[in-house]
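S.K.: Model the following, please.
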Amino acid sequence: MNWPLQKNAVSEEEINLLIKFLKSTDKYTQGEKVKEFEKNWSTWQGCKYSVFVNSGSSANLILIDSLKEHYGWKENDRIILPAITWATNISPIIQSNLEPIFVDIDLETLSFDLKDLKRKIEENENIKGIFITHLLGIPAEVATIKEICSEKQIKIFEDCCESHGAKIGDSKVGNFGEGSTFSSYFGHHMTSIEGGFVCTNNYELYKLFLLKRSHGLARALPKEDFEKVAKENPGIDSKFLFLTHGYNLRNTELHAVIGINQLKKLDQIIKKRNENFEEYYELCKKNQERIYLIKKEGISSFSFPFIFKEKEAYTKFKEKLKENSIEFRPIISGNLLMHPFLEKYKEGAKNLKHAKLVHENGIYIGNNQFVKKEDFKIINKILEEIQ
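M.R.: Take a look at the predicted model:
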């Protein structure tokens with residue numbers, strides 16, 4: 001058995017498209033293919049504006065930086081996050097001199113424990129935003145989160161890097177707040193090898209996304225906006241006019257060529273992943289005295305999480321996976337407050353009982369379009385053997 005977390009999803013067709021593109025032009029840096037990919041992604045996602053960047057982590061950085069600038073957040077204003085998320089959801093908050101507030105997770109959705117969320121909002125002043133993570137393709141309880149936040153006018157924004165196409169009702173995640181981020185890294189639902197999107201329906205935020213992706217240069221703006229600011233600053237060469245602090249987080253035409261073709265297949269990939277998830281879910285239902293069941297309504301499955309109620313079963317399961325060459329990893333990185341880079345926040349980890357459980361008893365194995373129905377027989381056999 002060889003079951004990796006992900007297999008190569010770049011097809012022969014995409015390699016040939018890339019070769020054809022390379023032979024057709026001498027411009028490989030951000031250009032028309034990137035614009036085409038952005039337009040196609042916005043249509044698929046159902047949002048007005050999408051900006052293609054070099055990673056989902058860069059998308060997070062642009063989103064947080066732009067929100068802080070747009071809304072005038074001050075140093076040490078607070079942003080709420082789940083204790084289990086990715087490190088680069090937290091890093092831009094710290095880099096922006098904002099203060100992260102960590103909330104425990106719910107074992108059914110792997111998003112916020114809503115009681116703990118409400119408690120943290122009541123206990124802390126100057127909360128400006130909530131950065132929702134739709135973890136492993138499982139939609140968070142956005143309606144309830146919004147209701148909890150409504151009195152204090154807290155802004156909501158979404159990390160959808162593992163949740164392309166997940167839905168709440170008829171709407172895809174990523175359309176419920178100020179902005180959202182996505183990843184098209186090698187191991188995600190679709191790939192441009194490296195890449196990500198930052199999305200919004202707010203034109204002013206969109207302009208900031210464009211500026212911050214490209215050094216803060218005015219020429220990154222749409223034509224009319226660029227011409228306007230150029231006229232307002234006649235003493236500066238408009239091609240080298242900086243309007244805000246920024247970065248170089250651009251992606252290339254080459255990655256866009258791959259992404260454009262991958263996007264055409266994304267709905268089918270999600271369908272196959274969710275069919276696989278049904279097989280996994282049935283196995284978990286048979287073993288729910290030992291394994292926590294994950295909620296699946298609206299899911300766009302990223303992987304198969306196994307959270308065991310007892311350490312002994314968890315340990316035996318990992319040993320059997322190794323014996324059968326089935327790759328596994330922690331659920332994201334476990335409780336991030338246990339990691340050295342968040343040393344100063346460790347005191348808060350004591351009250352995060354669900355995050356602690358996932359950290360100690362949780363792993364996931366890979367789901368993708370290459371997993372077959374018969375592959376689940378070995379997982380079933382392993383679960384029977386460790387009873």
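S.K.: Which residues are in contact with the nearest residue to residue 167 once chain neighbours are set aside?
M.R.: Distances taken as Cβ to Cβ, 6 or more residues apart in numbering put residue 298 closest to residue 167, at 4.3 Å, once the chain neighbours are dropped. C-beta: built from backbone N, CA, C; applies to glycine. By Cβ atoms under 8 Å, 6 or more residues apart in numbering, the contact set of residue 298 is 139, 166-169, 173.
S.K.: how does it look with 6 Å?
M.R.: 139, 166-168 (Cβ atoms under 6 Å, 6 or more residues apart in numbering).
S.K.: Please list only the buried members of the residues you listed.
M.R.: 139, 166, 168 (16 or more other Cβ atoms under 10 Å).
S.K.: Domain parsing of this structure, as residue ranges.
M.R.: Under the assignment automatic domain parsing, the domains of the chain span 12-259, 266-385.
S.K.: Average pLDDT for the last one, rounded please.
M.R.: Meaning domain 266-385. Summarised as a single mean, pLDDT over domain 266-385 is 96.
S.K.: quick one: which of the buried ones among the contacts of residue 298 is nearest to residue 356?
M.R.: residue 139 (23.8 Å; Cβ to Cβ).
S.K.: Report whether the expected contact of that closest one with residue 168 is present.
M.R.: Yes. Counting by Cβ atoms under 6 Å, residue 139 does reach residue 168; the two are 5.0 Å apart.
S.K.: ends of stretch 132-145, how far apart?
M.R.: Chord length of stretch 132-145, first to last residue, is 9 Å (Cα to Cα, to the nearest Å).
S.K.: gap between residue 130 and residue 82?
M.R.: 10 Å (Cβ to Cβ, to the nearest Å).
S.K.: okay, these two: which has more neighbours?
M.R.: Neighbour comparison, residue 130 and residue 82: the larger count goes to residue 82, with 30 against 27 (by other Cβ atoms under 10 Å).
S.K.: would you say residue 84 is within a strand?
M.R.: No. Membership of residue 84 in a strand is not supported by DSSP: H, G, I helix; E, B strand; the rest coil, which gives coil.
S.K.: Run a quick neighbour tally on it.
M.R.: Count around residue 84 with other Cβ under 10 Å applied: 28.
S.K.: List the contacts of it.
M.R.: Under the criterion of Cβ under 6 Å, 6+ apart, the neighbours of residue 84 are 105, 332, 355, 358.
S.K.: Now with 10 Å, please.
M.R.: By Cβ atoms under 10 Å, 6 or more residues apart in numbering, the contact list for residue 84 reads 102-105, 110-111, 133, 135-136, 330-337, 352, 354-355, 358-359, 362.
S.K.: ok so, going back, mind listing the shared neighbours of residue 130 and residue 82?
M.R.: Common neighbours of residue 130 and residue 82, using Cβ under 10 Å, 6+ apart, are 103, 112, 117, 140.
S.K.: okay if I get those residues as TSV plus neighbour count?
M.R.: Listed next are the shared contacts of residue 130 and residue 82 as TSV, based on neighbours: other Cβ atoms under 10 Å:
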residue	neighbour count
103	25
112	26
117	24
140	28
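S.K.: Restricted to strands, list these.
M.R.: Using DSSP state E, the subset of the shared contacts of residue 130 and residue 82 located in strands is residue 103.
S.K.: And residue 320, how far from residue 88?
M.R.: Taking Cβ to Cβ, one finds residue 320 at 32 Å from residue 88.
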